[in-house]
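[1] when you get a sec, could you give me coordinates for this:
(one chain, ligands or ions: 1)
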Amino acid sequence: MRVKTFPSPQAALAGALAWLMENLLYASCGVLAGGETPLPVYRALARQGVRYPGVLLLSDERWLEPGDPGTNLYRVGQALGPLRERLLPFPLGLSPEQARDWMEERIRPFLPFDFALLGLGEEGHTASLFPGSPALGSSRLVEVAVGPTYPSLRLTLTPKALSGTRLVLFLALGPAKRQAILRVARGEDLPPNRIRAEEKWIFTDQEV
Ligand SMILES: O=C1O[C@H](COP(=O)(O)O)[C@@H](O)[C@H](O)[C@H]1O
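    Next up is the predicted model:
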C-alpha cells in the first residue's frame, strides 16, 4: 500500500479526479465508492463531460427502499450526471439474498475489474466490509453485510471480487481518518489489506 499525501482536501480530490479520468480511458469495468468523500470527484467528472462506454459498479449499497436519497445509487448517480447510465446498480427491489445472488452473476463476466476507487471509514471499513465482518472471508463475490451505523443492512463487493483489480485507490480525507490511514499503511489486518491488487494507493490530505 502506498500513500500519497496532498497539501489540501481539494488537492487530494483533484488527484483522485485525474486518476479516475486516466483510468476511464482504458477501462471496461470500474468500481466506485459510495459515501460522502468521493462525491465532489464524481461531480467534477460529470462537469468534464467524460464519455465512458464501460460498466461502473458501486462498491456497496445501503439496504433502503429503491430511490431513497440515502442509497449510494441515489447519491453517486446524482453526482455522476449522464455517466449514471453506465452504473450497474444493486437491485434494491429484491430481498437482500436475492439481490446478492443476482448481482454476483451480473458482475462475474467483468472480473477482474480494471480499477476501484474505494473509501475508508474511521474504523477501517471499506465498501461495506467492516473490521471483523464474516463477509471478509466469504467465497462469494457479493455479500449481505451488517454495519455499525444506519442503515446497518448493506450489500457489498467482497475481497474475493475486488482482489485482482489492476489499480485500487482509497480516498480518505480529514483528521478523523488519520488513524485508520496509519493502520492500513502499516499493514494491519483491516479490510483494505484483505484486497489484493497489483497497485494500491491511499490518496489523503493527512501527513502519515
Ligand atoms: O458506508 C460507507 O462508507 C464508506 C466511507 O464513506 P466516507 O463518506 O467516509 O468516505 C464508503 O466508501 C461506502 O461506499 C459507504 O457505503
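[2] which ones are touching the residue nearest the centre of the chain?
    In the chain, the residue lying closest to the centroid (C-alpha atoms, centre = their mean) is A33, at 2.6 Å. Each residue near A33 by C-beta atoms under 8 Å, 6 or more residues apart in numbering is listed here: L58, S59, D60, L117, L118, G119, T126, A127, L171. In this view, the C-beta of every residue, glycine as well, is placed from N, C-alpha and C.
[3] how many other residues sit next to the closest residue to the first one other than its chain neighbours?
    Pointing back at L58 there. The spatially closest residue to L58, leaving aside those adjacent along the chain, is N72, at 5.1 Å (C-beta to C-beta, 6 or more residues apart in numbering). The local packing count at N72 equals 24, with neighbours defined by other C-beta atoms under 10 Å.
[4] so which residues on the chain come close to the ligand?
    Contact residues (C-beta under 6 Å from any ligand atom) of the chain with the ligand: 33-37, 59-60, 62, 72, 119, 121, 127-128.
[5] let's see if you can find the most crowded of those.
    When neighbours are counted by other C-beta under 10 Å, A127 leads the residues of the chain next to the ligand with 32 neighbours.
[6] I'd say that residue and L118 touch.
    Yes: A127 lies in contact with L118 (C-beta atoms under 8 Å); the separation is 6.3 Å.
[7] re earlier: quick check, nearest of the contacts of A33 to the ligand?
    Ranked by distance to the ligand (C-beta to the nearest ligand atom), the contacts of A33 are led by G119 at 2.2 Å.
[8] hang on, the closest one packs against F170?
    Yes: G119 lies in contact with F170 (C-beta under 8 Å); the separation is 6.9 Å.
[9] need the overlap of contacts for these two.
    Both G119 and F170 are contacted by T126, under the criterion C-beta under 8 Å, 6+ apart.
[10] how about the helices in this structure?
    9-26, 39-47, 72-80, 96-107, 159-162, 178-185 (DSSP state H).
[11] and the second one, average pLDDT?
    What that stands for is helix 39-47. Helix 39-47 carries an average pLDDT of 97.
[12] with the shortest one instead?
    Across helix 159-162, pLDDT averages out at 98.
[13] what about dumping the CA coordinates of that helix to PDB?
    These are the backbone C-alpha positions of helix 159-162, laid out as PDB (Å, rounded to 0.1, in the frame of the first residue of the first chain):
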ATOM      1  CA  PRO A 159     -12.400  -9.100  -1.100                       C
ATOM      2  CA  LYS A 160     -12.700 -12.000  -3.400                       C
ATOM      3  CA  ALA A 161     -14.400  -9.800  -6.000                       C
ATOM      4  CA  LEU A 162     -12.100  -6.800  -5.500                       C
END
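[14] what is that helix packed up against?
    In terms of contact count using 3 or more C-beta pairs under 8 Å, 6 or more residues apart in numbering; DSSP states H and E, helix 159-162 is assigned no packing partners among helices or strands.
[15] alright, I will stop here.
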